[in-house]
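Q: Quick one, what's the 3D model for this:
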Amino acid sequence: MREELIAQLEAWHEEDQFEEIVRAIGEVPAEERDYTLVSHLGRALNNLERYEEAVEQFLTVAEEGQEDPLWHYRIGLAYYYLERYEEALRAFEAADRLDPGDEDTQEFLGWIRDRLAEDASAEESAEVPAEESAAAMPDGGEERKPNEAAKPAAGLAAAGTGMAGFWDDSAEALEKYVSEPPTDDLVASVEEELVFRLPAYYVQMMKQHNGGVPRQRFFPVDPSESGAGRETVEIAGILGIGRTKKHSLCGEAGSRTLIEQGGYPEIGVVICDCPSAYEVVMLDYRESGNDREPEVVHVDKKENNRITRLAPDFETFIRGLANAEQA
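A: Residues are numbered from 1 along each chain as shown. Sure, this is the predicted structure:
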């Protein structure tokens, strides 16, 4: 019976059915929940952004988790989003000690250390007398904001988009989509591999938050043009610039793979995947040519690779995303 429950929990996790996991484990009396069940519960609570509850659950099995890098990683992630950075740092350092070289752990360690350094710098600046601080500033004392490059914090807005809270940085989204900000060399390398110049607005966004899952994932379409009378297109996530994450432009589930193995048309670059395995959103370069601003289109493989135009450019597409009720 227990084996069936664990298998079901794993299946729900793969299907993003995190509420079902919480419900099912909640029906098990607390005294009967072992380390495995509590770990599943804590992970689901993290994915639901219920971080305080996740910490409470993880702490109930803290003694058993001391030699498990996943326990440290998961409680560290909860501490990170609660902005308890010192505790998050200790947790991720322990995870790194137990499982050296894990890419996601390394990314969080970098983000946390940067954040702690910024906080320390801000405290030092606050202690400087006002006249001394102004004298030390360049450009006649005009304040310059610190660089917040792509730390995946809740509520982070992509630079220049004017959309606070754009990203939904669940643990699942971070694991599948989000990479370190791309360097100019990486951008050039990916463009060379794809044979297309990426939109400037997209590159700007990715330098602030490289790939991820938007909170608003629906784009309205004209039912008469979309086929099957659909009124919206839903995206699952935006592919980042890179090769290491599976859901990045040149990753295992990236643009070239989807076009070459998935049978999508050779019109440009797959920029967003969709919940349906038979749909994608692409940058369409047919009218613009490889070096200019592409249109954004939806491609439905079930409808004979039907192409529906969504927006004249990537910025318009991003600004047009809405939640299900608004779209």
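Q: low pLDDT regions in the stretch 1-150 of the chain?
A: In the predicted model, the stretch 1-150 of the chain carries pLDDT under 70 at residues 1, 122-150.
Q: mind redoing it with 90?
A: Within the stretch 1-150 of the chain, the set of residues satisfying pLDDT under 90 comprises 1-3, 14-16, 48-49, 81, 83, 101-104, 107-108, 110-111, 113-150.
Q: Give me the neighbour count for Glu10.
A: 12 (other C-beta atoms under 10 Å). C-beta: built from backbone N, CA, C; applies to glycine.
Q: Same question for Glu172.
A: 18.
Q: which other helices and strands contact the helix or strand hosting it?
A: When elements are assigned from DSSP states H and E, Glu172 belongs to helix 171-176. Here helix 171-176 touches helix 35-47, going by 3 or more C-beta pairs under 8 Å, 6 or more residues apart in numbering; DSSP states H and E.
Q: what residues does stretch 46-53 touch?
A: With C-beta atoms under 8 Å, 6 or more residues apart in numbering as the test, stretch 46-53 has contacts from 16, 18-19, 22, 45, 54, 74, 77-79, 81-82, 154, 170-172.
Q: Would you mind listing the buried residues in it?
A: The neighbour-count check on stretch 46-53 (16 or more other C-beta atoms under 10 Å) flags 46-48, 50-51, 53 as buried.
Q: cool, stretch 74-90 as well?
A: Taking 16+ other C-beta under 10 Å as the criterion, stretch 74-90 shows 74-81, 85, 87-89 as buried.
Q: Which pair of those residues spans the longest distance?
A: Within the buried residues of stretch 74-90, two members stand farthest from each other by C-beta to C-beta: Arg74 and Tyr85, at 16.3 Å.
Q: Tell me the buried residues in the following helix or strand past the helix holding Glu172?
A: Per DSSP H and E, the first helix or strand lying C-terminal to helix 171-176 is helix 184-194. Across helix 184-194, burial judged by 16+ other C-beta under 10 Å covers 186-187, 189-191, 194.
Q: Quick one: list the elements packing against helix 184-194.
A: Applying 3+ C-beta pairs under 8 Å, 6+ apart, we find helix 184-194 packed against helix 255-262.
Q: who touches the helix it packs on?
A: 193-194, 239, 249-251, 264-266, 269-271, 273, 280, 301.
Q: So which of these belong to strands?
A: Counting by DSSP state E, the members of these that fall within strands are 269-271, 273, 280.
Q: which residues sit against the top helix by length along the chain?
A: Longest helix in the chain by number of residues (criterion: DSSP state H): helix 103-127. Under the contact criterion C-beta under 8 Å, 6+ apart, helix 103-127 has outside partners 69, 73, 76-77, 80, 85-86, 88-89, 92-93, 95-96, 99, 133, 146, 151-152, 174-175, 178-180, 244.
Q: For the spatially most central residue of the chain, list each beta-bridge partner.
A: The residue lying closest to the centre of the chain (C-alpha atoms, centre = their mean) is Gly212, at 2.8 Å. For Gly212, the beta-bridge assignment (DSSP bridges) gives partners Ile238.
Q: I'd like to know the average pLDDT value across the helix holding Glu172.
A: Average pLDDT, helix 171-176: 88.
Q: on that earlier part again, report the contact partners of the residue nearest to the centre of the chain.
A: Residues counted as contacts of Gly212 (C-beta under 8 Å, 6+ apart) are 152, 167-169, 173-174, 177-178, 237-238, 240.
Q: and the two most separated of the residues you listed?
A: Asp168 and Gly240 (14.5 Å).
Q: Restrict stretch 11-27 to CA atoms and write it as PDB.
A: The C-alpha trace of stretch 11-27 is given here as PDB (Å, rounded to 0.1, in the frame of the first residue of the first chain):
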ATOM      1  CA  ALA A  11       3.300  10.700 -10.600                       C
ATOM      2  CA  TRP A  12       1.500  13.800  -9.200                       C
ATOM      3  CA  HIS A  13       4.800  15.600  -8.900                       C
ATOM      4  CA  GLU A  14       5.600  14.900 -12.600                       C
ATOM      5  CA  GLU A  15       2.100  16.300 -13.500                       C
ATOM      6  CA  ASP A  16       2.600  19.400 -11.200                       C
ATOM      7  CA  GLN A  17      -0.400  18.200  -9.100                       C
ATOM      8  CA  PHE A  18       1.200  19.500  -5.900                       C
ATOM      9  CA  GLU A  19      -2.200  20.100  -4.100                       C
ATOM     10  CA  GLU A  20      -3.000  16.400  -4.500                       C
ATOM     11  CA  ILE A  21       0.300  15.500  -2.800                       C
ATOM     12  CA  VAL A  22      -0.400  17.800   0.100                       C
ATOM     13  CA  ARG A  23      -4.000  16.400   0.400                       C
ATOM     14  CA  ALA A  24      -2.900  12.800   0.300                       C
ATOM     15  CA  ILE A  25      -0.100  13.100   2.800                       C
ATOM     16  CA  GLY A  26      -2.400  15.200   5.000                       C
ATOM     17  CA  GLU A  27      -4.700  12.200   5.300                       C
END
